[in-house]
Every structure is written in C-alpha cells, then in structure tokens.
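sequence and predicted structure below; questions after.
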Amino acid sequence: MAKFTRRKFIKGGVLSALALVILDSFWFEKYVIDWNYFDISKPGSDKLKTLQISDLHFDKLRYFHKSMAKKINKIQPDLIFITGDSVDATDKIKGLDDFLSLIDHSIKKIAITGNWEYWGDVDLIQLKNVYAKHNCELLINENRTLTLRNRELSIIGLDDFVGGNSDFEKSLKNLKQTETNIVLSHCPGYRDVLEKEKENLSIDLVLSGHTHGGQISILGFVPFKPQGSGRYLKGWYKNTTPHMYVSKGIGTSVLPIRFGARAEVVQIDL
C-alpha cells in the first residue's frame, strides 16, 4: 500500500482546488445564472414587472438559453430590456433569433446597441428586423412611450457610448415625459454625462451593462474593466441621481470565462 505523505496531500489539495476553479470559471459562473430581484415600485401604483437582459454575446443557442427563455415565460414580465452587446457579428444574429423565438411574443421588448454591435460591424438593419419580428424595438438615440397596466412610461434608448454615437439631446426628440422615465445606456460611464445633461428631465432609472461585473474578480480585485465603464462595476448606484443598475450580463468577451462575476438576469418591479 502506497504511503500517503503530507506532500501528496498538499499536492492533491492544490490540484482539486485548481480543478474547481477551472470548473467554476468555464462552466458554473457562465451557465448557472443568478436571477436577482428588486422592487423599487411606488406605493399605490400599479406595479410593473420588468426584466433586464444584457451582454448576451450570442454565438449559438445553448441549453442554458432555453432554460432562460422558459423562466422568462414563467415570470411573464410586462417588459424586457435588452441592454446591448447581444451579438458581435452579423452571422450570430441567427442564434439570437432562435433565442427570442422561445420567448412569449406578446411580451414587449426594448433593445439598444452596445459597443460590440459596432466593433463587430453587425448589420444593424438586419438586427433591427430580427428584433421587430419578436415584438422588440431597437432604439438608437430614440424614445418610446408605452402604456402598461394603466401606466405610462417613457423609455429613452441611447446609442453606444464607445462604439456608436450617444446623443442624449437627439434621444429626447418628441419625448413625452411621464411619471416613469427610464434611460437605457449600454456603457455605465455615460451616467456621468447624464448627471450634467438631464436638465429638467426626471430620470427614475438608468439600466446599463458592459462591464460583465469585471468578468474576472479575484477577492474583489478586478484586473480589467472595458473602456466606457467609468467608475462603475456592478449593481446599484444610488449615491446621486439618476439611480442606476449595472448588470453583470450573460455572456463573456475576449476570454470565455467568468470568475467572481456570475452571470445574471435582473428583475426590477417599477
């Protein structure tokens, strides 16, 4: 019988820990998604159920996408926000089309661009048409006023801050201010611009993505944040107005791993 030495014990422990890190980075944090819930509704108002899906970085339809769609249909949100970087190449639109086809068509959806739609030279007309096919409007420096559950809300969809041409003034053209005004901006760094340019517009919420929560976070240390992140990383920012939520998103960029930054879908009741 082989002797079990302290050195073998330590070596075995290190190898086991390394295997767990690899499993977590390449599978668990990418494909086992957090569903985070927040209620910021105002007392006495008809509550609206919204979902934010960000940074899909779609390549092809996978099992976890099907599970996502199934859960979305079970939740039956009033509105879904898709906050950019859905695809990084035109040929990836087919996978996005397949995913959206699994989601209840009657659920209203609003989408914006991210930097990778531009860096990947994605055909935005084709993307817009695929979104439209699934009851989703792609807003590029535009706004829409919706009536849901006897409530009016205005959605302002900005073009990407880094790859595109964010134009807040243009996005407000013919805006109807309502009791709930929401800004969609892929890059959270644009919030600092909004603080200066919002003028008399009351912004209730900014929804962003882009950062992937750092994608790799080691004991809270994030070695890299993409351009356009500004001073923001993930979660809520309520220290000043407008309040903002930065989603860690679904997919990955550059490296196909996540560590300490698990993928998420966000439900926010308004």
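Alright, I've got the coordinates. Note that this is a predicted model, so its numbers are computed, not measured. Numbers count the residues shown, from 1 in each chain.

where does the prediction get shaky in the stretch 101-250 of the chain?
By pLDDT under 70, the weakly predicted segments of the stretch 101-250 of the chain are 198-199.

what's the closest non-adjacent residue to residue 157?
Closest residue to residue 157 apart from its sequence neighbours, by Cβ to Cβ, 6 or more residues apart in numbering: residue 139 at 2.6 Å. (Each C-beta comes from the backbone N, C-alpha and C, glycine too.)

go on, residue 136?
Nearest non-adjacent residue to residue 136, counting by Cβ to Cβ, 6+ apart: residue 109, 3.5 Å away.

quick one on the thing from earlier: could you check the distance from the residue nearest to residue 157 over to residue 132?
Residue 139 sits at a distance of 12 Å from residue 132 (criterion: Cβ to Cβ, to the nearest Å).

what do you get for residue 102?
Using Cβ to Cβ, one obtains 17 Å as the distance from residue 102 to residue 132.

hmm, back to that, mind checking which of residue 139 and residue 132 has more residues around it?
Neighbours were counted for residue 139 and for residue 132 using other Cβ atoms under 10 Å; residue 139 has more, 20 against 13.

who are the contact partners of the more buried one?
When contacts are counted by Cβ atoms under 8 Å, 6 or more residues apart in numbering, residue 139 touches 110-112, 155-158, 171, 184.

tabulate those in CSV, adding columns for distance to residue 210 and neighbour count.
Shown next, in CSV, are these (distance: Cβ to Cβ, whole Å; neighbours: other Cβ atoms under 10 Å):
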residue, distance to residue 210, neighbour count
110, 17, 24
111, 14, 28
112, 11, 32
155, 18, 24
156, 17, 24
157, 15, 26
158, 12, 31
171, 18, 20
184, 12, 26
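
list the buried residues of stretch 59-78.
Buried residues in stretch 59-78, counted by 16 or more other Cβ atoms under 10 Å: 61, 65, 68-69, 72, 77-78.

show me where this protein has its helices.
Using DSSP state H, the helices of the chain run over residues 6-23, 29-31, 63-75, 93-100, 115-119, 124-133, 168-171, 191-197.

what's the closest of the ones you listed to residue 84?
helix 115-119 (7.1 Å; Cβ to Cβ).

dump the closest one to PDB, restricted to CA.
What follows is helix 115-119, C-alpha atoms only, in PDB (Å, rounded to 0.1, in the frame of the first residue of the first chain):
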ATOM      1  CA  ASN A 115     -20.000  48.500 -28.400                       C
ATOM      2  CA  TRP A 116     -19.700  45.100 -30.000                       C
ATOM      3  CA  GLU A 117     -22.500  45.600 -32.400                       C
ATOM      4  CA  TYR A 118     -20.200  48.300 -33.900                       C
ATOM      5  CA  TRP A 119     -16.800  46.700 -33.300                       C
END
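
who's in contact with that helix?
Helix 115-119 has contacts (Cβ under 8 Å, 6+ apart) with 57, 84-88, 122, 124, 127, 160-164, 186-187, 210, 226, 228, 253.

buried members of those into PyMOL, please.
To isolate the buried members of the contacts of helix 115-119 in PyMOL, using 16+ other Cβ under 10 Å:
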select buried, resi 57+84+85+86+87+88+122+127+160+161+162+163+164+186+187+210+226+228+253
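
one step back: and the contacts of residue 139, which is closest to residue 144?
Using Cβ to Cβ, the contacts of residue 139 come closest to residue 144 at residue 155, 5.1 Å.

tell me who's in contact with that closest one.
Applying Cβ under 8 Å, 6+ apart, we find residue 155 in contact with 81, 110, 139, 143-146, 182, 184.

for it, name its beta-bridge partners.
Judged by DSSP bridges, the bridge partners of residue 155 are residue 144, residue 182.
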